[in-house]
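# sequence below, structure please.
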Amino acid sequence: MASYGPPSSIILISVGDNRVAVMAALREVRSDLDLRSAKDFIRQLPRTVADDIDSDVAPALARRLRAAGATVEVKRPMIRTDLRNWLQTRTTVAAEEAAYLAALPPGAQNVRVFGGVHEDWRRLKAQMQPGDELWKFCSPAINWEYMCGREGFALLRDGKAISAVITKMN
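All right, here's what the predicted structure looks like:
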């Protein structure tokens, strides 16, 4: 059966009272670990046991570790909403408006910059203060793959995103 969700990670939080059973289960889940490596692995927790695994397989692996007495968490990758992690290029209002207008077909009239998000763009510009920065942003590829991608412009003040305009999404 194919997985339709994003890949998962298994995080080993604690081993509980039965360290030997957890080490054995860990070696079943991670065939690359010998006994010494498994013992070393559980000394520094929490730790990722498996990363980027099929979301249909992750719960079964987690159940195996839990059955041995471990505390385990199954995580899906976070779809980030912190725009600072998505920033790509610093830009200016004048440059972006000029680029938008230059891409229009010849003879286009009564054009509103950024079309359907023109009012959002206008509000973003009205919020700008001296020292603010305008950045292009784009969400990571996994967001686009799972139909939640975003692209646009973020207004930063003192290094913090205070406003944004989304110009493309899926």
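# the helix or strand Lys136 falls within pairs with which strands, and in what direction?
Lys136 is part of strand 133-138, with elements assigned from DSSP states H and E. Strand pairing for strand 133-138, using DSSP bridges, gives strand 87-91 (antiparallel), strand 150-157 (antiparallel).
# can you name the next helix or strand after the last one?
What it means is strand 150-157. Following the chain from strand 150-157 toward its C-terminal end, the next helix or strand by DSSP H and E is strand 160-169.
# how's the protein carved up into domains?
8-75, 83-169 (automatic domain parsing).
# avg pLDDT for stretch 154-170?
Per-residue confidence for stretch 154-170 averages out to 88 on the pLDDT scale.
# measure it end to end?
When the termini of stretch 154-170 are compared using C-alpha to C-alpha, to the nearest Å, they are 18 Å apart.
# which residues sit against that stretch?
Residues from elsewhere that reach stretch 154-170 (C-beta atoms under 8 Å, 6 or more residues apart in numbering): 82-84, 86-87, 114, 117, 120-121, 123-124, 127-129, 131-135, 137, 144, 147-153. Every C-beta, even on glycine, is put in place using the N, C-alpha and C of the backbone.
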